[in-house]
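>>> missing the sequence, but the structure's below:
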Ligand code: DX5
Ligand code: ZN
């Protein structure tokens with residue numbers, strides 16, 4: 001029996017002046033997607049570990065920390081200490097990926113690797129047995145509200161084939177430009193963790209949007225199984 005699809009609202013699209021309120025709106029989510037950007041790897045700067053500590057004080061939803069930073073090997077411990085439940089680091093930014101992934105896991109946190117849209121999934125072959133999660137970017141990292149890059153669907157399918165060959169089943173997460181209009185095809189391609197920022201926080205009732213996306217995702221999952 002395949003596990004249900006997880007919905008991970010990205011608080012990049014939350015109202016920072018009312019973060020505790022917005023976290024309350026998404027108490028029905030499976031994960032909180034926490035986008036860390038350092039102004040070097042991305043043209044944007046977001047949250048440090050103290051913000052993660054603040055999130056952990058007001059929400060019991062597990063935190064999925066997406067590290068869009070130039071030197072994740074150096075900074076993952078800050079976020080582990082602050083309470084991260086999952087940490088993903090970019091393949092493009094990690095000098096010692098194998099070591100970093102093992103370090104994250106040894107500290108009791110789920111570890112994963114992220115690929116930018118132009119990075120081929122075949123590069124994951126040597127590391128696929130060492131990850132709990134793979135995150136495929138379906139936009140170029142940096143900002144919410146961008147358009148989904150359709151070539152991602154083929155990358156999700158290729159990743160599924162690599163996992164099957166290695167007899168492993170990490171979570172497959174997709175991030176960027178996902179809404180009610182395309183979540184079905186993303187899940188049918190093989191994703192089981194869906195990040196959504198603007199699709200959840202722009203509408204007036206984020207909790208309803210989480211539920212709507214989850215229902216659409218699980219319908220698509222049934223079709224995938226059929
Ligand atoms: C982009 C971030 C995403 C972003 C997604 O660099 O990694 O998590 O918040 O936002 P939407 O769902 O609006 O594309
Ligand atoms: Zn993200």
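Perfect, I can see it now. Just so it is clear, the structure is predicted and the values come from calculations on it, not from any experiment. Ligands and ions are numbered 1, 2, ... in the order given.
>>> Please tell me how far the helix ranked longest in the chain is from the chain's geometric centre.
The helix that spans the most residues within the chain, counting by DSSP state H, is helix 206-225. Centre-to-centre, helix 206-225 and its host chain are 17 Å apart (CA atoms, centre = their mean, to the nearest Å).
>>> same deal with stretch 213-226?
The answer for stretch 213-226 is 19 Å, by CA atoms, centre = their mean.
>>> which stretches of this protein form helices?
According to DSSP H, the chain carries its helices in the segments 19-25, 49-58, 72-81, 97-106, 152-166, 183-189, 198-201, 206-225.
>>> ok, and for the longest one, which residues are buried?
Within helix 206-225, the residues scored as buried using 16 or more other CB atoms under 10 Å are 206, 209, 210, 212, 213, 214, 216, 217, 220, 221, 224. Heads up, the C-betas are built off the backbone N, CA and C, glycines and all.
>>> try the second one
Buried residues in helix 49-58, defined by neighbour count with 16+ other CB under 10 Å: 49, 51, 52, 55, 56.
>>> now that helix and helix 72-81, what's the angle there?
Inter-element angle recorded for helix 49-58 and helix 72-81: 30 degrees (by axes from the mean of the first three to the mean of the last three CA atoms, to 10 degrees).
>>> Packing partners of helix 49-58?
When contacts are defined as 3 or more CB pairs under 8 Å, 6 or more residues apart in numbering; DSSP states H and E, helix 49-58 packs onto helix 19-25, strand 32-37, strand 63-68, helix 72-81.
>>> re the thing from before, which among the helices of the chain is found nearest to ligand 2?
helix 198-201 (12.1 Å; CB to the ion).
>>> That closest one and ligand 2, are they touching?
No: using CB under 5 Å from the ion, helix 198-201 never reaches ligand 2; the gap is at least 12.1 Å.
>>> what about that helix, near ligand 1?
Yes: shown here: helix 198-201 in contact with ligand 1 (CB under 6 Å from any ligand atom) through 198, 199.
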